[in-house]
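K.L.:
Coordinates for the following, if possible.
(2 chains)
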Amino acid sequence: MTVMEQRGAYRPSPPPAWQPRTDPAPLLPDAEPHRVLGTEAAAKADPDLLRRLYAQLVRGRRYNTQATALTKQGRLAVYPSSTGQEACQVAAALALEERDWLFPSYRDTLAVVARGVDPVEALTLLRGDWHSGYDPHTHRVAPLSTPLATQLPHAVGLAHAARLKGDDVVALALVGDGGTSEGDFHEALNFAAVWQAPVVFLVQNNGFAISVPLAKQTAAPSLAHKAVGYGMPGRLVDGNDAAAVHEVLSDAVRHARAGGGPTLVEAVTYRIDAHTNADDATRYRGDDEIEAWRTHDPIELLEAELTTRGLIDAAALEAARQDAEEMAASLREHMNRDPEPDPMALFDHVYAETTAQLREQRALLQAELDAEQEHHGEQEGGAR
Amino acid sequence: MTTVAVKPATMAQALTRALRDAMAADPTVHVMGEDVGTLGGVFRVTDGLAKEFGEDRCTDTPLAEAGILGTAVGMAMYGLRPVVEMQFDAFAYPAFEQLISHVSRMRNRTRGRMPLPITVRVPYGGGIGGVEHHSDSSEAYYMATPGLHVLTPATVADAYGLLRRAIASDDPVVFLEPKRLYWSKDSWNPEQPTDVEPIGRAVVRRPGRSATLITYGPSVPVCLEAAEAAQSEGWDLEVVDLRSLVPFDDETVCASVRRTGRAVVVHESTGFGGPGGEIAARITERCFHHLEAPVLRVAGFDIPYPPPMLERHHLPGVDRILDAVARLQWEAEG
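P.N.:
Numbers count the residues shown, from 1 in each chain, chains lettered A, B, ... in the order given. Modelled structure (predicted):
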């Protein structure tokens, strides 16, 4: 007699009823990226906002060309250009309130500058005089993150902490399409959704992770669709349409601030320049593709809207260009000065209180520098 | 004079008390990790904290170590003091990128503007019959990363005192808890827990004249036992408990070795590339003329942590330590 027979007939019952935790339908992104410029929706956009976005776009483009030029002069170790993506960066900064926080990746210097950070300090990492140039608390901008997607959980933690303290602060975290493949992307979105943290994730899908195209990066219908699996809304937006990105991000920020939890926004855009000045983009993409995107330029899209609707005149357009030129000139001038990082600062801020071991090493370096100085002095003395 | 009621307490209880006292003293202290809330942690170290302080301050997180530590970074940026539990040594590896790329260097890269007062509690080491990934000694990885403090208590009193120090520190601390000592008892008064010296001080657990055993965490009781056993052989061994691997207390270690002239470093972690190599090198550099014999190491074998049925062969025990001590009669051997 088997055990089953001893216990009598086993009557299987259906498993307890299953229900989805969240209705997925409202979380799904629209089939097409959201657009404002050139559509009827543009009439509802605030003209002042459009003009501010425009000025920042022009400034941002000029920043990109100037920084790229500085790499050729050896003034920057490396520069990852965001030409073509300026709308995402500018809208990111303008969608936030002063008390909110921005978590940028290495390509997001424009967003950092548009947030008010000094243009020279924003380039410290890329110039190589230190790892980060600005005080993160001054403008509530985290240091530029080089590892991919690792800054996203920071944004979630900060937003969560702010909410625990009763502050209505929102964190906006920027990441690229390649970064969405990283484990930290998953963990950050999952934590954010579980905690209902007031955080907005903006994926700037610029088509390539260095050389790897999106098709080799993901099999998802869109990156915005990934949101559904976490239980947060996914939004798809034309990343070259500054008004659309600003609208979608502002909605998401408002939603988060009101206690509605996180949103994942995918901005579809394109990286016109190579990954960095050190990259040869001709090896993985053709000119046709770039040219097609050039005709969907974020500055021209917005300029056409403003001009057609008579919201900006020639003098204002010129003023925006002038302002950008002045910023570029100032940037050039500052970057052409040789930075003089203090070698002794290497031992500062490793720990709150320096260790005996670091004190010893500090003394060693000081002795080396003194000897160098003395040697230098002797040489000069000999020449005299 | 009032007599203090001293009764036996376990290291786990002392750690719980330290967390509770830290949370009561400072509302910015938050405990977070997998199973730390309702369950009280798989080792019960966080027992009762969620009930006492609420789930916002003792939070069961999703099961994701990088996410746990990564969100703790953001919380610390906003002024909180997260105490993160990694549950088991090898479970912490997914969080390594956060630890190495962000936690350890945020103060330095922001030039002091963004310190991260995070305590990462990692139960570590073998001897409890754990299956694979539950017994690693990963201290060398943490030691190799500038910007982190690495602490490990060996006594009940130190468990309390060092954890309080770790949580109060403005720097990130990897707090390695020797899990096989969780249930070791000691005379300790939980009603009047005592403070310890600032982070970075080693302590002589047993004074001796003929050689120094330098050790930490789970190997401290083993070394004390070896020192007792060695007496019959005529060896009077000094036992130094490092307590802090980073910063390293060269002063206490070297003072001891200069007195005894002989040293053996004892730890569970692998010998090759392990902490013992660094410690032996430091001693040699500083005490060469006082040494009567080479500095020896008694460590775990250079193998992946063995299955529980074989771990007793891997872990440095009293006999292996005594063999090393015998080899310190180096001169006589020529």
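
K.L.:
where does the stretch 151-300 of chain B have low pLDDT?
P.N.:
Low-confidence segments of the stretch 151-300 of chain B, defined by pLDDT under 70: none present.

K.L.:
Then chain A?
P.N.:
For chain A, the stretches with pLDDT under 70 are A:1-7, A:381-384.

K.L.:
go again using 50 as the cut-off
P.N.:
Where chain A drops to pLDDT under 50, the residues are A:384.

K.L.:
where exactly do the strands run in the stretch 51-200 of chain B?
P.N.:
Here the stretch 51-200 of chain B has its strands, by DSSP state E, counting those that start in this stretch, at B:58-60, B:81-85, B:119-124, B:149-151, B:173-178, B:185-188.

K.L.:
Redo these as a markdown table? Include distance to residue A:154.
P.N.:
Where C-beta positions appear, they are placed from N, C-alpha and C, glycine not excepted. A markdown table is the format used below for those (distance: least, Cβ to Cβ, whole Å):
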| stretch | distance to residue A:154 |
| --- | --- |
| strand B:58-60 | 17 |
| strand B:81-85 | 12 |
| strand B:119-124 | 15 |
| strand B:149-151 | 21 |
| strand B:173-178 | 19 |
| strand B:185-188 | 38 |
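
K.L.:
Report the residue ranges of every domain in the chain.
P.N.:
Answering for chain A, as no chain was given. As assigned by the TED database, chain A contains the domains A:25-336, A:343-382.

K.L.:
Actually, chain B is the one I wanted.
P.N.:
Listed domain ranges for chain B are B:9-187, B:203-327 (source: the TED database).

K.L.:
among the ones you listed, which is the most enclosed?
P.N.:
Neighbour counts (mean count of other Cβ atoms under 10 Å in any protein chain shown) averaged over each of the domains of chain B peak at domain B:9-187, with a mean of 22.

K.L.:
measure that domain end to end?
P.N.:
Terminal residues of domain B:9-187 are spaced 6 Å apart (Cα to Cα, to the nearest Å).

K.L.:
could you point out the longest helix in the chain?
P.N.:
As the question left the chain open, I've gone with chain A. helix A:356-383 (DSSP state H).

K.L.:
could you do chain B instead?
P.N.:
helix B:11-25.

K.L.:
Which strands or helices does that helix pack on?
P.N.:
In terms of contacts (3 or more Cβ pairs under 8 Å, 6 or more residues apart in numbering or on different chains; DSSP states H and E), helix B:11-25 is packed against strand B:29-33, helix B:49-53, helix B:156-168, strand B:173-178.

K.L.:
Distance to chain A for those - can I get that in TSV?
P.N.:
Listed next are these as TSV, based on distance: least, Cβ to the nearest Cβ, whole Å:
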stretch	distance to chain A
strand B:29-33	8
helix B:49-53	12
helix B:156-168	11
strand B:173-178	11
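
K.L.:
Now tabulate these in TSV and tack on distance to residue A:354.
P.N.:
Formatted as TSV, these follow (distance: least, Cβ to Cβ, whole Å):
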stretch	distance to residue A:354
strand B:29-33	25
helix B:49-53	34
helix B:156-168	17
strand B:173-178	16
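
K.L.:
Contact residues of the stretch 101-250 of chain B facing chain A?
P.N.:
Proximity of the stretch 101-250 of chain B to chain A, by Cβ under 8 Å from any Cβ of the partner chain, involves residues B:101-102, B:105-115, B:146-147, B:149, B:169-171, B:200, B:246-248, B:250.

K.L.:
for chain B, what are the nearby residues on the stretch 251-384 of chain A?
P.N.:
Contact residues, the stretch 251-384 of chain A versus chain B (Cβ under 8 Å from any Cβ): A:345, A:348-352, A:355-357.

K.L.:
hmm, try it at 7 Å
P.N.:
Residues of the stretch 251-384 of chain A lying near chain B by Cβ under 7 Å from any Cβ of the partner chain: A:348-352, A:355-357.

K.L.:
Can you select the buried ones among these for me in ChimeraX?
P.N.:
In ChimeraX, a selection of the buried entries from those looks like this (16 or more other Cβ atoms under 10 Å in any protein chain shown):
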select /A:349,350,351,355
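
K.L.:
Out of the residues of the stretch 251-384 of chain A next to chain B, which two sit at the greatest distance?
P.N.:
With Cβ to Cβ as the measure, no two of these lie farther apart than A:349 and A:356, at 17.0 Å.

K.L.:
For the stretch 101-250 of chain A, just list every one of the strands.
P.N.:
Under DSSP E, counting those that start in this stretch, the stretch 101-250 of chain A gives strands at A:101-103, A:171-176, A:199-205, A:208-209, A:212-213, A:234-238.

K.L.:
Could you export those to JSON lines, including columns for distance to residue B:44 and mean neighbour count?
P.N.:
Formatted as JSON lines, the strands of the stretch 101-250 of chain A follow (distance: least, Cβ to Cβ, whole Å; neighbours: other Cβ atoms under 10 Å in any protein chain shown):
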{"stretch": "strand A:101-103", "distance to residue B:44": "36", "mean neighbour count": "29"}
{"stretch": "strand A:171-176", "distance to residue B:44": "34", "mean neighbour count": "29"}
{"stretch": "strand A:199-205", "distance to residue B:44": "33", "mean neighbour count": "31"}
{"stretch": "strand A:208-209", "distance to residue B:44": "44", "mean neighbour count": "20"}
{"stretch": "strand A:212-213", "distance to residue B:44": "47", "mean neighbour count": "14"}
{"stretch": "strand A:234-238", "distance to residue B:44": "41", "mean neighbour count": "26"}
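
K.L.:
could those strands be laid out in CSV, adding distance to residue B:70?
P.N.:
What follows is those, written out as CSV (distance: least, Cβ to Cβ, whole Å):
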stretch, distance to residue B:70
strand A:101-103, 11
strand A:171-176, 11
strand A:199-205, 12
strand A:208-209, 20
strand A:212-213, 24
strand A:234-238, 21
